[in-house]
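Prediction below, plus the sequence it came from.
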Amino acid sequence: MSVTGIADGPLGPDSSGEHLRFVRRIYQMRTLGLGVGFFAVAGVLHEQGASPWLWAALVCNGFLWPPIAYLLATRSRDPEYAEYRNLLIDSALGGVWIAVMQFNAVPSALLAVMLSADKIGVGGWRFFARTAAAQVVTCLATWAVLGFGFQPHSSMPVILASLPFMFVYPMAISSAAYGLARKVVRQNKQLAHISRTDPLTGLQNRLHWDDSATATMTYCARSSKHAALIVIDVDRFKEINDFHGHLVGDAVLRRVAGTLRTATRMTDTASRLGGDEFVLILMDLDLDGALAIAERVRRAVEDARFEEAPALRCTVSIGVARMGPKTISAAMWMRHADAALYRAKQLGRNQVAVAED
Ligand SMILES: Nc1nc2c(ncn2[C@@H]2O[C@H](COP(=O)(O)OP(=O)(O)OP(=O)(O)O)[C@@H](O)[C@H]2O)c(=O)[nH]1
């Protein structure tokens, strides 16, 4: 007799912490499943007037096997593999108890179903097929050894003794599955956040810039609102890196990002396009408003001082493009802002230039 539970499927090679968590989860479910399953089988053994060695075997399986399996898995060099082996042993022992109970319908069916459900939950249909095969083999072998006894009728006391197993264990499996589903949702959210975030600055990255620009254009076109695009490029950033080192270069990029965050509102979007290039999408703001923000950013960067390099002064060049009637795509909008940025660089850097419509 043995049951386990649901857990994350096969794990990656670099996840020893995850492996141990997996082993712990299985240990908890195994302890619970065997604890309640014990009574289901005990009900039948009691009716059969079973021998003391069978009772001893049931007690060992029900209460000693979970901590032994846990120790075997946690002390193994490959806890995940060891735990899958333990799960296989669970199924094999389950087969033995079904035969010992002479196929007493209720507890036998419960054992078979619970052992199948948790194996599918842990390792999918393939793992289930392997464990089910082990279960059938041990069941047939035990049945043959014990003389092919067949007593499928379940008395009321046996049914009552099986009730805790019938209710408690499926609830525990469902609860574990719910916890797992919530974890997957949480991790998906984290992954989505990571995929759109620039790790150095925490701003949105290039991948999602296009979506944000297109969404802003659609919204502002529909609601006849203004919007402006501001492209910011650090002046002579290569020289900063070369002279002060990449760590200081990174600090400059983070400072520019911080300045952009401070200068914008909730509805605006600040992104790092890559290298030393940043972009701001400003919603519901006309050209004058956008120019004022661009100038504020330019001045804030000019005034910035760096602990790591007190002598360092850095500046940015900025191109501003409003969303005009002929701006039909995010790429076109960006081309306009880029052209203005190019002009700001040509005019001597550390300045703001405006794109012509
Ligand atoms: N520290 C640091 N440097 C980066 C990072 N990404 C790109 N760079 C460097 O940024 C520099 C960008 O330099 P350029 O594009 O040549 O431009 P620039 O030196 O700013 O020159 P102008 O734009 O013409 O003023 C390159 O040297 C890149 O190696 C980063 O994440 N951190």
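Great, that's in hand.

hey, which helix or strand in this structure has the poorest pLDDT?
Lowest mean confidence among the helices and strands of the chain (mean pLDDT, DSSP states H and E): helix 206-222, at a mean of 87.

now check that helix, is it near the ligand?
No - Helix 206-222 is not in contact with the ligand by CB under 6 Å from any ligand atom; minimum separation 11.9 Å. Glycine gets a C-beta too; all of them are placed from N, C-alpha and C.

Doesn't Ala321 belong to a strand?
Yes - checked against DSSP: H, G, I helix; E, B strand; the rest coil, Ala321 lies within a strand.

Next, the contact list for the residue of the stretch 101-250 of the chain found nearest the ligand, please.
Closest approach of the stretch 101-250 of the chain to the ligand (CB to the nearest ligand atom) occurs at Gly249, with a separation of 2.7 Å. Applying CB atoms under 8 Å, 6 or more residues apart in numbering, we find Gly249 in contact with Phe237, Ile240, Asn241.

ok, and the closest non-adjacent residue to the second one?
If I follow you right, that is Ile240. Using CB to CB, 6 or more residues apart in numbering and skipping the chain neighbours, the partner closest in space to Ile240 is Gly249 (5.4 Å).

List the buried residues in stretch 259-269.
For stretch 259-269, burial by neighbour count (16 or more other CB atoms under 10 Å) applies to Thr259, Leu260, Ala263, Thr264, Asp268, Thr269.

residues touching the one residue in the stretch 251-357 of the chain that gets nearest to the ligand, list them.
Closest residue of the stretch 251-357 of the chain to the ligand, CB to the nearest ligand atom: Gly275 (3.7 Å). Applying CB under 8 Å, 6+ apart to Gly275 gives the contacts Phe237.

other SSEs contacting the helix or strand harbouring Trp53?
Using DSSP states H and E, Trp53 sits within helix 52-59. Judged by 3 or more CB pairs under 8 Å, 6 or more residues apart in numbering; DSSP states H and E, helix 52-59 is in contact with helix 16-48.

If you count neighbours, what's buried in the helix it packs on?
For helix 16-48, the neighbour count (16+ other CB under 10 Å) marks 19, 22-45, 47 as buried.

distance of the residue nearest the centre of the chain from His193?
Nearest residue to the geometric centre of the chain (CA atoms, centre = their mean): Gln187, 2.3 Å. According to CB to CB, to the nearest Å, Gln187 stands 10 Å off from His193.

try Ala353
When Ala353 is compared with His193 (using CB to CB), they lie 34 Å apart.

Between those two, which has more neighbouring residues?
Ala353 (21 against 9; other CB atoms under 10 Å).

Would the one helix or strand the more buried one maps to count as contacting the ligand?
Ala353 is located in strand 352-354, with elements delineated by DSSP H and E. No - using CB under 6 Å from any ligand atom, strand 352-354 stays clear of the ligand, with a minimum separation of 13.8 Å.

Okay, now the sheet partners of that strand, with direction.
strand 316-322 (parallel) (DSSP bridges).

Next, see if the strand it pairs with gets close to the ligand.
No - using CB under 6 Å from any ligand atom, strand 316-322 stays clear of the ligand, with a minimum separation of 6.9 Å.

need the residues of the stretch 151-300 of the chain near the ligand, please.
Residues of the stretch 151-300 of the chain found near the ligand (CB under 6 Å from any ligand atom) are 200, 233-238, 241, 246, 249-250, 253, 275-276.

Next step: those residues restricted to strands.
Asp233, Val234 (DSSP state E).

just the buried members of the residues of the stretch 151-300 of the chain next to the ligand?
By the neighbour-count criterion of 16+ other CB under 10 Å, those include these buried positions: Asp233, Val234, Asp235, Phe237, Asn241, Gly249, Leu253, Asp276.

could you check the distance from the first one over to Pro107?
I take that to be Asp233. Counting by CB to CB, the gap from Asp233 to Pro107 is 73 Å.

Which stretches in the stretch 51-200 of the chain count as strands?
Taking DSSP state E, counting those that start in this stretch as the criterion, the stretch 51-200 of the chain carries no strands.

For it, which segments count as helices?
Remark: helices assigned in the stretch 51-200 of the chain by DSSP state H, counting those that start in this stretch are 52-59, 65-74, 79-100, 105-145, 156-195.

ok and the last one relative to helix 16-48, angle-wise?
Helix 156-195 runs at 170 degrees relative to helix 16-48, counting by axes from the mean of the first three to the mean of the last three CA atoms, to 10 degrees.

quick one: average confidence on helix 156-195?
Averaging pLDDT along helix 156-195 gives 92.

And that helix, how far out from the chain middle?
Centre-to-centre, helix 156-195 and its host chain are 17 Å apart (CA atoms, centre = their mean, to the nearest Å).

Adjust the sequence numbering to begin at 682 for everything that follows.
Sounds good: first residue 682 from here, last item helix 837-876.

Now do Lys800, the pLDDT please.
The score at Lys800 is 91. That number is its pLDDT.

Now do the same contact list for it.
Here Lys800 is in contact with Thr685, Leu768, Ser772, Phe808, Phe809, Thr812, Ala813 (CB under 8 Å, 6+ apart).
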